[in-house]
Structure formats: structure tokens, C-alpha cells
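1. sequence and predicted structure, then a few things I'm wondering about:
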Amino acid sequence: MRQDWQAWQGHWRELVTTARRTVADGLVVGTSGNVSVRVGDTVLVTPSGVPYDRLGPNELCAVDLDGRRTAGDLSPTSELPLHLSIYRGTDATAVVHTHAVHATAVSTLVDELPAIHYMTAALGGPVRVAPYATYGSDELAAHTLMALRERTGCLLRNHGTITYGRSLDQAYDRTAQLEWMCRVWLAASSVPGRTPTVLSPEELARVADRLRGYGQRSLS
């Protein structure tokens, strides 16, 4: 177990950095929201009710995919069922959950965030809103997994956002992008007498194809 603890420390430091970033960027307040990363069959996750600036190596919290604690003395986040359902149902290796202001506002207004910007394609298409259920419940986890079908992010009704990725950076970037798109939609839809234009499924498909080749390519 000691060997596992040492192997997890790098992943834990990255998780803590990501969690603190959600606070610094205004995506969560206090101890709201949570972050996790999967390492093999182990999930490292933020503990319940502990401010992120107090997290250090000794606060490492690890569970298996059934939610049994395998390392650390602190209880995991109350949203653990939400994280575990995503790891079981997708190829995620990182999950970020926030209570971002604009995204939470949008979750109370619509059943799906319209394709207000081409970066909608980066999340798999128009972002669905999972029906409301009490936080930390298996019902919320089930609603969320359904809303994430063929998507990498969704809104949680009257609650916030959740995104996943193949890395913490990717999951966080998707969270930030989703909050930004919600902010754009709210701004555009608030103009009296005007209705925002949205992108067609065909255009989103073209963008998705281009995004697959986006970025720097290896020269080796």
C-alpha cells in the first residue's frame, strides 16, 4: 500500500492543483464542486468538506470503483456516486464537477444548451441538462450518465456542471468552455426581441472533424 501511496502522489498533486483552479477561476465557492482522477482501478477524489487550499499529501483520498476507501483517513466527496458512475460508463480518466454561475443559471432555463458556438462540437454536440435529483444520490448519477450519452459534458438541473476527459487538463478545459458557452448564450438570449442564431448539426459535424486534427502535430 505504501508503494501505491507514493505512486499516487503525482496524480494527487495534479488533482489538488485542478481543484484549486476551480476556485481561483470562480467556478466554485468554498468546498462546492469536486474533482477526481482514475489511476488503474483506483479513483483519487477530493474529500468532503475540506477547503482545497488545505489539501496536502496527507489528505489524499482514494477509493476503488465500488466506492470502498483504499487510502487516506478522510471521507470522499458526497458526489462519489456521480464520479464512479462516469468511470464505469465511459472511458473517462478524470472528472470535474463545478457550480459555475452561468452554467447553473442555464440549467434552470432549458433542457439543452443550444449550439451557440462551434466549440459545442468539442463536447460532442448540444449539451443536455440532466433532470434534477438530490446531490450525492444514485438517482442523480443515473440521470447524469444518461445526459452524457455521446457527450463529454452536461449540465445538472439547478446544480451545476460535470465534464470528463482523458486527463485532468482536458476535463477542466471542457468545464471552462461549457461555462463560457453558457455565458454567451445568456448574453445573446437576453437581448429583447432577438433570438440567437445557432449552428446546424451539419456544421457541428464539420467542426468535430476539424477538431480531430487541431493543434500541433509531432515532428518525430
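-> Alright, I've got the coordinates.

2. tell me where this structure has strands.
-> All strands of the chain, identified by DSSP state E, fall at 34-39, 42-45, 62-64, 69-71, 94-98, 112-113, 127-130, 153-156, 160-165.

3. and the last one, what does it pack against?
-> I take that to be strand 160-165. Applying 3 or more Cβ pairs under 8 Å, 6 or more residues apart in numbering; DSSP states H and E, we find strand 160-165 packed against helix 80-89, strand 94-98, helix 101-107, strand 153-156, helix 168-189. In this view, the C-beta of every residue, glycine as well, is placed from N, C-alpha and C.

4. most packed of those?
-> strand 94-98 (a mean of 29; mean count of other Cβ atoms under 10 Å).

5. quick one, that one and strand 160-165 angle?
-> Taking axes from the mean of the first three to the mean of the last three Cα atoms, to 10 degrees, one finds strand 94-98 and strand 160-165 inclined to each other by 170 degrees.

6. strands paired with strand 94-98, and their directions?
-> Sheet pairing here is set by DSSP bridges, and for strand 94-98 it gives strand 34-39 (antiparallel), strand 160-165 (antiparallel).

7. give me the contact list for the first one.
-> Residues outside strand 34-39 that contact it (Cβ atoms under 8 Å, 6 or more residues apart in numbering) are 7-8, 11, 14-15, 18-19, 22, 43-46, 77, 79, 83, 87, 92-97, 168.

8. sketch out the low-pLDDT regions of this protein for me.
-> The model of the chain has pLDDT under 70 over residues 1-5, 213-220.

9. pick out the residue nearest the middle of it.
-> Residue closest to the average C-alpha location in the chain (Cα atoms, centre = their mean): T163, at 2.5 Å.

10. quick check: the residue of the chain positioned farthest from its centre vs L186, distance?
-> What lies farthest from the middle of the chain is G193; by Cα atoms, centre = their mean that is 33.8 Å. As for G193, its distance to L186 is 16 Å (criterion: Cβ to Cβ, to the nearest Å).
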